[in-house]
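In: Can you look at this prediction? I've put the sequence above it.
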There are 2 protein chains.
Amino acid sequence: MARRTAVRPTGAELEILGVLWERGPSTVRDVHERLARDRDLGYTTVLKLLQIMSEKGLVRRDESQRAHVYAARTPAEQTQRQLLGDLLERAFGGSAALLVQQALSSRKTSPEEISRIRAYLDALEEEKK
Amino acid sequence: MARRTAVRPTGAELEILGVLWERGPSTVRDVHERLARDRDLGYTTVLKLLQIMSEKGLVRRDESQRAHVYAARTPAEQTQRQLLGDLLERAFGGSAALLVQQALSSRKTSPEEISRIRAYLDALEEEKK
DNA sequence: TTGCCTATACGAAAAACTTCGTACTAACTT
DNA sequence: AAGTTAGTACGAAGTTTTTCGTATAGGCAA
């Protein structure tokens, strides 16, 4: 029986998922090295977190090698959508337009990004027809 | 001395802010009634949270009435931008276009919303000139 | 004035999240 | 074979967040 509500990664877990999405399947060492570049963090902390994430089903673990290899179980896009959906509900009262507007105003968006977004809107409307 | 990093509302706090943004200044009872519609939650839990938020500076408290009246201290837009900025960094590697795209694909977006977004893009580009 | 209703205050338990130390083990090295 | 290195397992402390029970007190109605 599948879980009713998807497992939401916590902050630290999301950080780790970020590394896995970026690097692909990685060992604890890989992940630790990457994160330790930015902040102070013990090796076993990362290990423990990955073990927990494995239990929760956030990552898949390949134990065939001595150093286990972990991989994100769900693609970045899916998790991103989920987190956004959460935020949309919790902070934007469900209005996607409002969210998008805030997202765009919060930082200088390059012309390239703007046209990419336009293209996407076109595609969306096309689809609707 | 102002705080270096803005106070980020936690999950439950955000939920309360949502109510305050929607309803405007409210009593504990008001907030509790609204939240209890969706989930099981004690009255004193909301009270305590509001007291904490008051200490943190997330809400302003008017004690002139017997039932204190709480109001969000920062407008929705500002907090929304902050949370989005966080999410952008933490889950989207900083790409606003990607975030927007995911936001739009996560749910059916009405034609009205789409045109509102287009209008906003236009305004953005106009501004750039 | 007595009692009830509706508030706030506050401590503290409970739950969730983060962090790390220590123990143990397999695999190399010498 | 013994020592060293690089890994996992796991308990548990530390922290933050969430939740609520109990104590009090003001205001109002009988």
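Out: Cool, got the structure.

In: tell me the mean pLDDT for the helix or strand containing residue A:102?
Out: Using DSSP states H and E, residue A:102 sits within helix A:96-105. Per-region confidence: helix A:96-105 scores 86 on mean pLDDT.

In: quick check, that helix touching chain B?
Out: Yes. Helix A:96-105 lies within reach of chain B by CB under 8 Å from any CB of the partner chain, at A:96-105. Using the backbone N, CA and C atoms, a C-beta is placed for each residue, glycine as well.

In: Next: stretch A:69-85.
Out: Yes. With CB under 8 Å from any CB as the measure, stretch A:69-85 is seen reaching chain B through A:76-77, A:79-85.

In: got these as TSV, with secondary structure and distance to DNA strand D columns?
Out: TSV is the format used below for the residues of stretch A:69-85 next to chain B (DSSP: H, G, I helix; E, B strand; the rest coil; distance: CB to the nearest atom of the strand, whole Å):
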residue	secondary structure	distance to DNA strand D
A:76	helix	23
A:77	helix	26
A:79	helix	20
A:80	helix	21
A:81	helix	22
A:82	helix	17
A:83	helix	15
A:84	helix	19
A:85	helix	18
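
In: of those residues, buried ones?
Out: By neighbour count, with 16 or more other CB atoms under 10 Å in any protein chain shown, those hold A:76, A:79-85 as buried.

In: would you turn these into JSON lines with distance to residue A:20 and pLDDT?
Out: As requested, these are exported to JSON lines (distance: CB to CB, whole Å; pLDDT from 0 to 100):
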{"residue": "A:76", "distance to residue A:20": "9", "pLDDT": "94"}
{"residue": "A:79", "distance to residue A:20": "11", "pLDDT": "93"}
{"residue": "A:80", "distance to residue A:20": "14", "pLDDT": "93"}
{"residue": "A:81", "distance to residue A:20": "17", "pLDDT": "91"}
{"residue": "A:82", "distance to residue A:20": "16", "pLDDT": "90"}
{"residue": "A:83", "distance to residue A:20": "16", "pLDDT": "91"}
{"residue": "A:84", "distance to residue A:20": "19", "pLDDT": "90"}
{"residue": "A:85", "distance to residue A:20": "21", "pLDDT": "87"}
